[in-house]
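J.: need coordinates for the following:
(2 chains)
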Amino acid sequence: MSSAQLPANLSEETVREISERRDEPEWLLESRLDALSALDTLDLPDVIQTPGRRWTNLEALDFESLVDPLDQADETERTADEGVEVLTFTEALDSHPDLVESAFGSTIEPRENYLTALSAALFTTGTVVYVPEGVDAEDVTIRAEMNSRSLFSHTLVITEESSSVTILESIESDAGVDADARYFSNLVEIAAGENSYVQYGSLQNLDEDTYNYTLKRADVDTYATVNWIEGNLGSRLTRSDVESELNGDSAETKIVGAFFGHEEQHFDVNARVWHQAENTTADLVTRGVLDDAARSVYEGVQDVGRDAWNTSSYQRENTLMLSDESEADASPKLIIHNHDTEASHSATVGQVDQEDLFYMTSRAIQPEKARNMLVEGFFVPVLDEIEVDEFREDLESLIDERLR
Amino acid sequence: MSSEQDHLKDTDTEARFDFKKEESSAFETEKGLTEETVRVISEDKGEPEWMLNRRLRALKQFQEMPMPTDWPGQPDLSEVDVAEIVPYIRPDVDVRAGVDDWTELPDEIKDTFDKLGIPEAEKNALSGVGAQYESEVVYQNMQERWEEKGVIFCNMDEAVREHEEIVKEHFMTKCVPPSDNKFAALHGAVWSGGSFVYVPEDVTVEMPVQAYFRMNSEGMGQFEHTLIVAEEGSEVHYIEGCSAPKYSAFNLHSGGVEVFVGEDAHVQYSTVQNWSKNTYNLNTKRALVEAGGRMEWISGSMGSKATMLYPSSVLKGPGASDNHITIAFAGEGQNIDTGAKVYHNAPNTKSTIESKSISKDGGRTNYRGLVHIADGAENSSTAVECDALMFDNESTSDTMPYMEINESKVDVAHEATVGKIGDEDIFYLQSRGLDDDDAKQMIVSGFIEPITEELPIEYAVELNRLVELEMEGSLG
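T.: Reported below is the predicted structural model:
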């Protein structure tokens, strides 16, 4: 695999200017410059390859036309519950410098691959959610609109012992931006302290000329739980990785995904969990629907380490195909190093159940309507997991819109 | 079990598989692989020009292709150095004349196969037997009643001479071309021995045909080629067994299997392989299945240091079907990377894959499978089921299926589970008076039963015996 072409308008000066404009501390500038200098040698993220084909062609990304580092703009609304701090990245650097410095890059190493490094070198927006010990926060929302050709974002969530938080993050495009193609990148790091609870929901509805890269990763401590919900509807191409490292005993995670692709959309969605300690539990659930010439690529990994005694790990992935021109690729992987494990995965691909359809049409429901009802019903197991009513309603209405 | 099969039950399997013979070869090539070596092999076999040319083309492809190193979690092949391999050894027996009477074989070779139970197996249950020793088939026999119907079962070198047109058309052309992978290319350059099976239209060979492959010399490579052509409406069951004793240097086995399943024909291909634990088993096996045809792959992979083997079926015609049943057992120091590939290229095609694996004492098993459903292969269905059993936290069990679905009117299902041997099951069996080892063995036997019940009784017994020995840790 070769590394990607550097954007022409990207230099050390550019990175220094981004950092200066935001009046950043020295360590962050150094981190940006480190990431920048690593770009020459880094590879794009791994993509599944099977005989004769590569499932997602990231090499085709033309960063020169996509990325404009000095002209990044967004409009982001942040709401917070009592007791929890929800700050822009820059605000957090002022009010909690040490916290940000120790959390930044602790879960996602910026030089992990070309796209993480590009993001770490160039990000201009982002949010820090800090939940102090014992605080329960139910409604944190981060609603972002992308107002430029390219936008790089970095989010940190830190929950202290026995706290809890429910976060809804959404990203949309401002239709007013004039560009043939756009690029959005978002890195999310969660450090879930002992016995804390996080539900992090993301809803991506970017316009369909946008290329989207997101890597979300949680470090889950003893007795802590991190539940992810990842909803993908928009973009031209999305590469989404959602990952939990269960590093403390009895840590738990759930990774719930939903996607709905149409026209020429391409979704490369990945859910991965590492069981590193005893008595950990994971549940991965993904449901996707494909219409027209849309394509989905799914990889699910359950990795059980040598010392992960008494692991429970489950994975289900179901794809519904509404069109013959669509393609669904899937690879659910089990990697097991400890025998004291209960693990299973299953994956299915199929069309709308013909018997159900027949039953409904025989009850005088129009075929089109019957199909739509079945597609909506298909997403129910995912919708059921969503704790924030607002998020569930948003996702439902986007699915509903797509079916019209 | 009838008394005829007692030789399989009572013989000490370890002694049957792990003995060595003094090497006595009439001719062997130099170590390593050059154009000269390939020419020498071809000349020694008296091959026609076209075969030599195919070999040379394959050699070129082999030299150009990189070693496979970038598959996630694949076995380490860094020890495989073709320069250290003796690609061709012809044993000291005049096989050109064709030996079909067992008693004419040199004692040393006869003794080897006697210990493996080959002639007895033939007497008891088989329609034909071929036995390969090092690079050459030393014994081949086919019962007359099938010969009269036009069934051909002979060694591959003889097939090149006697059935040139069929071989020329099918040999590494459309099924396994040398360009398929580096080891298929190597195989194409230095192949030697193996079986040729031809079953004419509408002929059913009721009893299995068997070939047995044995590597005896240290540091050699074995590259037998098996070509099965089953014409329209025919039926045949082919069984191969493989073994090699253990030496300090590594051995390389890189066979090639090509199966042509005609319209409405049915071929079953069963393998029980038990290579010694220093053998690299890097095989390519593929079937092309025409409309209404049915292919069944049944494999037990026990031995070898590392195995990379993914028997594949290309379902070309409407209504073609495929069944895969595989079992892998990896003990200490073993890495068994095996699975199945199915290409659904026509409507109404169907496949099922059932994979069982057991890992123990640091052994590593992996199911790596690909199911591809092409655009237009409507009303196709596939079901993949993988179960893994693990004994300890030194061992590893991976499942890596890949599914590529280009058609909406399909039914695709994949399921995999992994778990330890149930403490409750062991407790139950112990409370019925079995000791811990016997209880575990019984659970494993039950676990692999779906495989053993598909095999003829001799092979089932042999597979069970091998599993028992593996469980006791007394094999290899």
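
J.: how about the backbone phi and psi for the residue nearest the centre of chain B?
T.: Centroid check for chain B by C-alpha atoms, centre = their mean gives residue B:271 as the closest residue, at 4.7 Å. Backbone geometry at residue B:271, expressed as degrees, to the nearest 10, gives phi -130, psi 130.

J.: pull the contacting residues for it.
T.: By C-beta atoms under 8 Å, 6 or more residues apart in numbering or on different chains, the contact list for residue B:271 reads B:239, B:240, B:241, B:242, B:298, B:299, B:300, B:301. C-beta here means a position set from N, CA and C on the backbone, and glycine is covered the same way.

J.: kindly report the same for residue A:202.
T.: Per C-beta under 8 Å, 6+ apart, neighbours of residue A:202: A:169, A:170, A:171, A:188, A:214, A:216, A:228, A:229, A:230, A:231.

J.: look up how far residue A:375 lies from residue A:356.
T.: 11 Å (C-beta to C-beta, to the nearest Å).

J.: neighbour count: those two, which is higher?
T.: The neighbour comparison of residue A:356 against residue A:375 (other C-beta atoms under 10 Å in any protein chain shown) goes to residue A:375, with 19 against 14.

J.: check which helices and strands the helix or strand residue B:61 falls within sits against.
T.: Using DSSP states H and E, residue B:61 maps to helix B:49-64. Packing partners of helix B:49-64 (3 or more C-beta pairs under 8 Å, 6 or more residues apart in numbering or on different chains; DSSP states H and E): helix B:35-44, helix B:182-190.

J.: and the helices in the chain, which stretches?
T.: By default, I'm working from chain A. For chain A, applying DSSP state H gives helices covering A:12-21, A:26-38, A:63-66, A:89-95, A:97-103, A:114-122, A:354-362, A:367-378, A:380-383, A:389-403.

J.: actually, chain B is the one I wanted.
T.: Using DSSP H, the helices of chain B run over B:6-10, B:13-18, B:35-44, B:49-64, B:107-116, B:118-125, B:144-147, B:156-162, B:164-170, B:182-190, B:423-431, B:436-447, B:449-452, B:457-472.

J.: turn those helices into TSV, including mean neighbour count and mean pLDDT.
T.: Output for the helices of chain B, formatted as TSV (neighbours: other C-beta atoms under 10 Å in any protein chain shown; pLDDT from 0 to 100):
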stretch	mean neighbour count	mean pLDDT
helix B:6-10	15	31
helix B:13-18	18	40
helix B:35-44	17	89
helix B:49-64	17	95
helix B:107-116	18	59
helix B:118-125	19	53
helix B:144-147	14	75
helix B:156-162	19	90
helix B:164-170	15	97
helix B:182-190	26	93
helix B:423-431	12	78
helix B:436-447	16	82
helix B:449-452	18	79
helix B:457-472	20	71
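
J.: so which of those helices is nearest residue B:202?
T.: Closest to residue B:202 of these is helix B:144-147 (C-beta to C-beta; 13.3 Å).

J.: now the closest one - C-alpha only, PDB.
T.: What follows is helix B:144-147 as a C-alpha-only set of coordinates in PDB (Å, rounded to 0.1, in the frame of the first residue of the first chain):
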ATOM      1  CA  GLU B 144     -12.200 -54.100 -14.500                       C
ATOM      2  CA  ARG B 145     -15.900 -53.500 -14.400                       C
ATOM      3  CA  TRP B 146     -15.400 -49.800 -14.500                       C
ATOM      4  CA  GLU B 147     -12.600 -49.900 -17.000                       C
END
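
J.: please name the bridge partners of residue B:413.
T.: residue A:348, residue B:383 (DSSP bridges).

J.: tell me how many other residues crowd it.
T.: Residue B:413: 17 neighbours (other C-beta under 10 Å).

J.: same check on residue B:311?
T.: 25.

J.: check contacts around it.
T.: By C-beta under 8 Å, 6+ apart, the contact set of residue B:311 is B:257, B:269, B:285, B:286, B:287, B:297, B:299, B:324, B:326, B:340, B:341.

J.: from these, which land in strands?
T.: Within the contacts of residue B:311, residues falling in strands by DSSP state E are B:257, B:269, B:285, B:286, B:287, B:297, B:299, B:324, B:326, B:340, B:341.

J.: adding pLDDT, distance to residue B:175 and neighbour count, write those residues out as a markdown table.
T.: Shown next, in a markdown table, are the ones in strands among the contacts of residue B:311 (pLDDT from 0 to 100; distance: C-beta to C-beta, whole Å; neighbours: other C-beta atoms under 10 Å in any protein chain shown):
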| residue | pLDDT | distance to residue B:175 | neighbour count |
| --- | --- | --- | --- |
| B:257 | 96 | 9 | 26 |
| B:269 | 94 | 13 | 22 |
| B:285 | 97 | 10 | 22 |
| B:286 | 97 | 5 | 23 |
| B:287 | 98 | 8 | 29 |
| B:297 | 96 | 14 | 25 |
| B:299 | 89 | 18 | 24 |
| B:324 | 96 | 17 | 24 |
| B:326 | 91 | 20 | 26 |
| B:340 | 96 | 16 | 29 |
| B:341 | 96 | 13 | 23 |
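
J.: looking at the residues you listed, which is nearest residue A:136?
T.: Once C-beta to C-beta is applied, the member of those that ends up nearest residue A:136 is residue B:340, at 50.1 Å.

J.: excluding its backbone neighbours, what's nearest residue B:398?
T.: Distance criterion C-beta to C-beta, 6 or more residues apart in numbering or on different chains; nearest residue to residue B:398, sequence neighbours excluded, is residue B:366 at 4.2 Å.

J.: give the bridge partners for the closest residue to residue B:342 other than its chain neighbours, please.
T.: Excluding its sequence neighbours, the residue lying closest to residue B:342 (C-beta to C-beta, 6+ apart) is residue B:351, at 4.4 Å. Beta-bridge pairing of residue B:351 under DSSP bridges involves residue B:322, residue B:382.

J.: of the contacts of residue B:311, which is the nearest to chain A?
T.: Distance to chain A, by C-beta to the nearest C-beta, is smallest for residue B:341 among the contacts of residue B:311, at 7.9 Å.

J.: tell me the pLDDT of the closest residue to that closest one other than its chain neighbours.
T.: Distances taken as C-beta to C-beta, 6+ apart put residue B:312 closest to residue B:341, at 3.5 Å, once the chain neighbours are dropped. Residue B:312 is assigned a predicted lDDT (pLDDT) of 96.

J.: check contacts around residue A:100.
T.: With C-beta under 8 Å, 6+ apart, residue A:100 has these contacts: A:89, A:92, A:93, A:128, A:156.
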